[in-house]
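S.K.: Mind looking at a prediction? Sequence and model below.
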Amino acid sequence: MKKFITTFVMAILMAVTIPAMSSVEAAPSRCYNAKTGKYYPCKKPNVYRRHRKAFNIGIGTGVGMLVGGLLGGGKGVVIGGLGGAGGGALFTHVQKPKNYIRRY
């Protein structure tokens, strides 16, 4: 019962914190257009958008290790980590690409 409660609490914690981290607005900055030779205001991507692959694979690995550790002990951590990393990589591969610089 303890394992189930711990897993449930960790899943809720991740479900709440990950969207909150990715919704933080970046400050507007200036970008340079080489064709016109002028600067224009643009919005740089946030940390999640820039390192989306690493975040997704790392989160998948962590969740896999957590579940594997709760179910299978030390050996389960390794197996769960590998499975979670594979799942995170697959999830990242299936995601649609994002535009990295947007004009106002």
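M.R.: All right, it came through fine. Bear in mind the structure is a predicted one, so any value in this text is a computation, not a measurement. Numbering: from 1, shown residues only.

S.K.: To what extent is residue 37 buried, counted in neighbours?
M.R.: 7 (other CB atoms under 10 Å). For glycine as for every other residue, the C-beta is placed from the backbone atoms N, C-alpha and C.

S.K.: Same question for residue 40.
M.R.: Count around residue 40 with other CB under 10 Å applied: 11.

S.K.: Which residues are in contact with the residue nearest to the spatial centre of the chain?
M.R.: Residue closest to the average C-alpha location in the chain (CA atoms, centre = their mean): residue 55, at 3.3 Å. Residues in contact with residue 55 (CB atoms under 8 Å, 6 or more residues apart in numbering) are residue 48.

S.K.: For it, give me the pLDDT.
M.R.: The model reports residue 55 with a pLDDT of 91.

S.K.: What of residue 78?
M.R.: 92.

S.K.: Now it: closest residue in space, sequence neighbours ignored.
M.R.: residue 68 (7.3 Å; CB to CB, 6 or more residues apart in numbering).

S.K.: Now do the contacts for that neighbour.
M.R.: Residue 68 touches 76, 77, 78, 79, 80, 81, 83, 84, counting by CB under 8 Å, 6+ apart.
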